[in-house]
Every structure is written in C-alpha cells, then in structure tokens.
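Engineer: Okay, predicted coordinates and the sequence, questions at the end:
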Amino acid sequence: MPELRFDDDGFIDMAGFVDADDATGNEAQAADDAFRELFDLASRPSESFSGHPSATPLIGVESPMPGDVSQLDAGGEAEVIELTSPLRSRVGRPGRLLAVAASAVLMVGAAGYAAGWFEADSDEPTISAERPESPEPATPNASDGADEQAVDASAGRADVEQLTLEQVVEVGAGPREATVAGGYLWVPSADATTLSRVDPATAEVVDIEVGQQLDRVVATERHVWVPVREGGEVARVDMDTLVVDSVAVGDDPDTPVVAGDHLWVPLRGTNELVAIDLNTEVFDSGAIKARVQLGGEPLTPVVVDDEIWFPTRDDNRMNSLNYRDFDTDGTIDLKWLEVGEDPDWAAVADGLLWVPARQANTIEVIDPVAREVVNSIDVGALPDSPLVAGGYLWVANQDDATVSVINTATQAVDAVVDVGLSPRTPGATERSVMVPSRGENTIVQIDIASLEVVDTIRLGGAVSTPTAIDDVLWVPVFGGTTLAQLSIG
C-alpha cells in the first residue's frame with residue numbers, strides 16, 4: 001500500500017494519484033489503495049493525526065464541504081454521498097478530485113473529534129452549534145426613520161448573558177413554531193403526520209398522529225386545534241387524553257384564531273373564513289356554524305376588542321367582523337379597507353394594527369376604531385409578520401437580511417439591525433429578541449434595551465420562530481427533525 005504523505009503546508013501530497021479512466025495495472029491499484037488509506041485515517045481518533053504538520057488548524061474547517069462531501073450532520077460527522085474509490089468511479093472524473101474530496105472527509109472528521117462535537121455510537125439526536133465571527137455592533141441612535149442607524153451582528157460579548165445550546169429533542173419532520181399550553185410545548189410537523197407534545201421540564205416527547213402537513217396550533221382550556229393543510233381538516237386534540245377528532249373544513253386551512261365561542265379558520269384554497277363551535281361535544285360537520293366568502297386569500301386573524309381582523313391577498317385588504325355579534329345572534333357584517341400590496345399577518349400594539357405589506361415594503365398602521373390607515377412606515381424588502389416586544393415592533397426583512405425596529409409610541413424606525421440571510425418572525429424573552437436567520441441557520445440575540453446584537457449561535461439546519469419559556473428558548477430546526485433548547489446566561 002502506498003504511503004500517505006503531507007506537504008509542507010499540511011495538505012495531502014497528491015503526486016501519486018492518477019486519473020481513474022487512465023489508470024491501468026499497478027497505477028490504478030496504487031490509487032485505489034491510497035483512497036482506502038484516506039478512509040482508514042478518517043476513521044481514527046484525533047490523536048492519530050499527530051504526525052500531520054498542521055493538525056491543530058484542522059479545527060477551523062467549516063461545513064459545508066464542496067463536491068461529494070455534504071455538510072456536517074447533526075452530530076458533526078461528515079456524511080459522504082456515493083463517494084467511491086477511483087477504480088469504481090467511471091464517470092470520467094479524475095482520481096485526483098476524488099482524493100481531494102476524501103481529504104475533505106479526513107479533515108472534517110479530525111476537526112469533529114478534536115473539537116469534541118460528537119461521540120461515537122451515540123443514538124441521541126444532536127445539533128452542532130457554533131458562533132460565527134463578525135464585527136462588533138455599532139450603537140443605534142434614535143431617528144425619524146429617514147437615516148436609521150445600522151447595527152452589525154456580533155459573535156458574542158462578554159458583558160451580556162449569551163446563548164447556550166443545552167440539548168435537542170427529536171420531533172416530527174419539518175417542525176413549525178411551538179405553542180405553549182397545558183404545561184407542554186405542542187410542535188406541529190410540516191413534513192410528517194405528527195403533532196409532538198414536549199415536556200419542557202424533562203424533554204419527554206409524545207408523538208400524536210394527526211394528519212399531513214400541519215400548521216401552527218392554537219389552544220383553548222381543554223384542547224389544541226391543529227390545521228391539517230393537506231387533508232383540508234381541523235383536528236381537535238384533547239390535552240389530557242390525547243384523543244384526536246377531525247372535521248373537514250375545506251382546502252388549505254391556515255392557522256386559526258380563538259375569538260368568543262368560535263374558532264375562526266382561514267381557508268387559503270377557497271378564499272373562505274369558517275367558524276367552528278368551540279363548545280360542541282360531537283366534533284363533526286355540525287360544528288361548522290358559518291362560512292364567509294372573501295375576495296382574496298385569507299391569512300391568520302388577530303383579535304382587537306370585539307372584532308377579528310385578517311388580511312386577504314389578491315385584493316390587498318384588511319377585513320373585519322364583530323365576533324360578539326356572531327356569538328349572540330349569528331350576525332356577520334364583513335367590513336374591509338385597502339392596504340399596501342400583499343398584506344401578511346398583522347400584530348396589535350398600542351390599540352393599533354400593524355400590517356406588513358410585503359411587496360410595498362411598508363408597515364401599514366391601522367386605527368381599528370376609525371377604520372383607516374393612519375401611517376405607512378418604510379421598512380426593508382419583503383417584511384415578515386412582526387413581533388411586539390419591549391415597546392417596539394420588530395420586523396424581519398427577508399430580502400434585506402435585516403430587522404427594522406419601530407418605536408410603537410412614535411411610529412419611527414429607531415434602528416435597522418443586520419441579522420443574516422432570510423430572517424423570519426422573531427421570538428422574545430423579557431430582555432432579548434431572538435431572530436431566526438433561516439439562510440444562515442442562526443439565532444441572533446438582540447438586547448431590547450440597547451438594540452444591539454449581543455450574541456449569534458449557529459445550529460445544524462434552517463431555523464424557524466423560537467418559543468420562549470422564561471429564559472429558555474425552544475427553536476424548531478425546520479430543515480430537520482429536531483427542537484433545540486437554548487438557555488440564556
């Protein structure tokens with residue numbers, strides 16, 4: 001077997017490798033043997049690399065790797081996709097390139113062992129976590145919105161409580177934002193058929209079969225209510241017995257809202273709003289008490305006093321109806337007003353509605369009593385549904401990699417914070433806002449008092465809106481099957 005050598009810079013000496021398609025006789029066997037030696041080395045503990053002239057810098061190798069080597073899996077190990085020896089690879093690719101790919105496996109495997117990312121033979125679900133390097137944050141200044149202060153993401157500061165990955169738990173594939181109810185976290189699966197009930201104290205998981213492509217759930221005193229988008233149903237899950245009842249409602253139900261005696265469910269496929277009786281014992285088609293035909297695709301409603309308000313796309317409207325009147329005598333008086341293009345789910349703060357207009361790149365401010373738009377605030381490109389926390393409206397701008405921070409008292413943009421690619425609706429603790437950057441697999445921690453980024457932690461897949469219980473954060477890793485538990489401090 002040929003000897004595996006390293007050059008002066010710590011790279012594998014490639015001089016002995018030959019192209020697979022041109023290899024014959026001893027040359028081909030030598031290439032095959034060298035390839036096998038690479039994998040033999042890659043399987044050894046990190047101390048086996050003591051002869052490597054640059055063993056320590058291997059820790060700096062990051063995923064994903066190019067070519068035939070995928071990114072690090074949840075435990076930090078390198079997953080090899082159909083990587084074969086030069087003699088078995090007959091697609092005209094040089095053996096030299098295959099050896100480079102194998103070298104990448106070697107380096108990533110060494111880095112994983114050296115850094116303590118994973119343990120062999122572990123069946124527990126894991127996610128690697130790291131802090132990306134980035135510049136220190138600038139301090140934001142109050143402004144009238146015309147020249148907002150930009151804030152750069154920080155890799156972590158010593159003077160603040162920072163994020164720590166405590167553990168991960170296995171849930172259904174494609175987990176969505178969790179809902180807290182009855183002392184548990186309820187995690188719907190977008191890519192499987194289960195609703196996962198997670199005990200936040202013990203991390204014990206119970207998977208409940210509900211249906212395909214679940215959306216975010218809402219809760220009442222006894223039940224959680226789950227939209228089943230692919231089946232066109234709403235499922236009712238008893239929180240004590242975990243018994244599931246379902247009723248067909250129509251095409252593509254979105255996350256509903258509880259208002260008065262009814263559950264109001266937007267149907268995105270048929271442009272309808274459906275009212276379901278919350279108090280019925282027999283959960284069948286008789287529980288559906290009303291259908292309201294709309295002029296566009298409805299999204300999740302919000303409650304403001306005695307009314308529910310909800311956006312409809314296509315016609316760019318905010319619609320409202322008085323749910324108290326419906327509870328009393330079945331009356332539905334649908335009203336609406338026009339807003340900016342492509343409205344999304346609204347937030348409520350200071351008695352006003354704050355509606356992101358995704359294509360207009362604005363937040364439309366609505367006075368629900370006067371039923372008029374009282375302000376239109378410029379934000380970044382493709383604003384997501386906002387979060388209200390600490391006297392501010394936090395708007396993730398998906399196409400700008402920023403968060404606009406709007407003072408709800410002055411309706412001015414006080415800061416624009418750089419947070420990473422494709423941010424989504426944040427979550428919040430008492431002192432921090434947590435922004436999921438789906439394009440970079442990171443959670444970015446922003447201090448509410450200073451409007452500064454104080455920490456950033458990268459997880460092992462695309463992340464969604466986190467749910468906070470005190471100072472513990474539960475983050476769905478939407479690109480996988482796990483829920484990550486982060487602590488602050």
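Structural biologist: Thanks, I have it.
Engineer: List the pairing partners of the one helix or strand N319 maps to within its sheet, with orientation.
Structural biologist: For N319, the host element (DSSP states H and E) is strand 317-322. Applying DSSP bridges, strand 317-322 is found paired with strand 307-313 (antiparallel), strand 335-338 (antiparallel).
Engineer: What are the buried residues along the last one?
Structural biologist: For strand 335-338, burial by neighbour count (16 or more other Cβ atoms under 10 Å) applies to W336. Where you see a C-beta, it was placed from the backbone N, CA and C, and this is true even at glycine.
Engineer: Please apply the same query to stretch 173-192.
Structural biologist: So stretch 173-192, judged by 16+ other Cβ under 10 Å, has buried residues 174-179, 181, 184-192.
Engineer: What is the neighbour count of V171?
Structural biologist: Other residues within reach of V171, judged by other Cβ atoms under 10 Å, total 28.
Engineer: Determine the three-state secondary structure at the closest residue to it other than its chain neighbours.
Structural biologist: Once flanking residues are discounted, V171 sits nearest to S196: 4.0 Å by Cβ to Cβ, 6 or more residues apart in numbering. Recorded secondary structure, S196: strand (DSSP: H, G, I helix; E, B strand; the rest coil).
Engineer: who wins for proximity to V348 among the strands paired with strand 317-322?
Structural biologist: With Cβ to Cβ as the measure, strand 307-313 is the member of those nearest V348 (8.4 Å).
Engineer: thinking again about what came up before, how about the strands paired with strand 317-322 in a markdown table, adding distance to L321?
Structural biologist: Output for those, formatted as a markdown table (distance: least, Cβ to Cβ, whole Å):
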| stretch | distance to L321 |
| --- | --- |
| strand 307-313 | 6 |
| strand 335-338 | 7 |
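Engineer: Tell me which of these approaches V444 most closely.
Structural biologist: strand 307-313 (26.8 Å).
Engineer: wait, isn't the residue nearest to V171 in contact with V210?
Structural biologist: No. In this structure, S196 is not within contact of V210 by Cβ atoms under 8 Å, at 10.1 Å.
Engineer: thinking again about what came up before, including mean pLDDT and distance to E166, could the strands paired with strand 317-322 go into a markdown table?
Structural biologist: What follows is those, written out as a markdown table (pLDDT from 0 to 100; distance: least, Cβ to Cβ, whole Å):
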| stretch | mean pLDDT | distance to E166 |
| --- | --- | --- |
| strand 307-313 | 97 | 37 |
| strand 335-338 | 96 | 46 |
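Engineer: among the ones you listed, which is nearest A462?
Structural biologist: Minimum separation from A462 across the strands paired with strand 317-322 (Cβ to Cβ) falls at strand 307-313, 24.0 Å.
Engineer: what residues does the closest one touch?
Structural biologist: 257, 259, 264, 266, 271, 273, 294-303, 317-323, 336, 339, 342-346, 353, 355, 366, 368 (Cβ atoms under 8 Å, 6 or more residues apart in numbering).
Engineer: So which of those are in helices?
Structural biologist: Among the contacts of strand 307-313, the ones falling in helices (DSSP state H) are Y323.
Engineer: what about the strand holding N319, average pLDDT?
Structural biologist: Mean pLDDT, strand 317-322: 97.
Engineer: For I377, which non-adjacent residue is closest in space?
Structural biologist: Looking at I377 with Cβ to Cβ, 6+ apart, the closest residue is I363, at 4.5 Å.
Engineer: Next up, the contacts around that neighbour.
Structural biologist: Contacts of I363 by Cβ under 8 Å, 6+ apart are 354-357, 376-377, 379, 383, 386, 393, 395, 404, 406.
Engineer: Can you say which of those residues are buried?
Structural biologist: Of the contacts of I363, these count as buried by 16+ other Cβ under 10 Å: W354, V355, P356, A357, I377, V379, P383, P386, L393, V395, S404, I406.
Engineer: what residue ranges in the protein score low on pLDDT?
Structural biologist: Applying pLDDT under 70 to the chain picks out residues 1-160.
Engineer: mind listing the helices in it by residue range?
Structural biologist: 25-42, 95-115, 323-329.
Engineer: Any chance you could list what contacts the last one?
Structural biologist: Think helix 323-329. Against helix 323-329 from outside (Cβ under 8 Å, 6+ apart): 259-262, 264, 275, 290, 303, 306-308, 331-333.
Engineer: what's the burial count for the closest residue to L267 other than its chain neighbours?
Structural biologist: Excluding the flanking residues, the one nearest L267 by Cβ to Cβ, 6+ apart is G250, at 4.3 Å. Neighbourhood size, G250 [other Cβ under 10 Å]: 19.
Engineer: Kindly report the same for A484.
Structural biologist: 28.
Engineer: count of residues packed around S285?
Structural biologist: Quick note: S285 (other Cβ under 10 Å) scores 8 neighbours.
Engineer: still on that earlier bit, pretty sure the residue nearest to L267 is in contact with T270, am I right?
Structural biologist: Yes. When contacts are counted by Cβ under 8 Å, G250 is listed as touching T270 (5.1 Å).
Engineer: gap between R268 and P386?
Structural biologist: R268 is 20 Å from P386, where distance means Cβ to Cβ, to the nearest Å.
Engineer: again, but for S487
Structural biologist: In terms of Cβ to Cβ, S487 sits 26 Å off from P386.
Engineer: ok, now I308?
Structural biologist: In terms of Cβ to Cβ, I308 sits 18 Å off from P386.
Engineer: Between the two ends of stretch 442-454, how far is it?
Structural biologist: Distance across stretch 442-454, first residue to last, is 13 Å (Cα to Cα, to the nearest Å).
Engineer: That one: which residues count as buried?
Structural biologist: T442, I443, V444, Q445, I446, D447, I448, L451, E452, V453, V454.
Engineer: which among those gets closest to T202?
Structural biologist: Checking the buried residues of stretch 442-454 one by one against T202 (Cβ to Cβ), the nearest turns out to be I443, at 23.1 Å.
Engineer: No further questions, thank you.
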